[in-house]
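*Asks:* turn this into a structure:
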Amino acid sequence: MAVTSDLSQDGTVVTITISGRFDFGAHQDFRNAYEKFGKSAKVYEVDLGNATYLDSSALGMLLLLRDHGGGEAACVRLVHASPDVRKILAISNFDKLFDIQAH
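*Replies:* Next up is the predicted model:
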């Protein structure tokens, strides 16, 4: 499991990339990935293209990211989600809270 993040050149988009299992073991790394940039970003993009698994802890972490980004007004995109990951997100009704883009 690895979590990396980058800030766009204009400082408006934080991209967080998840590789491997996205579970409680990623909690601190995931939180650090967005908190280190403060609250200046307008868009948070979570790249799940290399995520092989996510559990309820990961869903909770995504909700914390949404809160950090402004709650209901936050722009959080979940991108490159595999069919299995999209299924977990849909079952959890996360498609109503996040912009989810396919693999």
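
*Asks:* which residue is nearest the centroid of this structure?
*Replies:* Residue closest to the average C-alpha location in the chain (C-alpha atoms, centre = their mean): residue 46, at 3.5 Å.

*Asks:* please, which helix or strand holds that one?
*Replies:* Here residue 46 is covered by strand 43-54, with elements defined by DSSP states H and E.

*Asks:* the longest helix belonging to the chain: how far from the chain's middle?
*Replies:* If you go by DSSP state H, the chain has its longest helix at helix 56-68. A distance of 8 Å separates the centroid of the chain from that of helix 56-68, by C-alpha atoms, centre = their mean, to the nearest Å.

*Asks:* could you list the buried residues of that helix?
*Replies:* Buried residues in helix 56-68, defined by neighbour count with 16 or more other C-beta atoms under 10 Å: 58, 61, 62, 63, 65, 66, 68. (Each C-beta comes from the backbone N, C-alpha and C, glycine too.)

*Asks:* that concludes my questions; thank you for your assistance.
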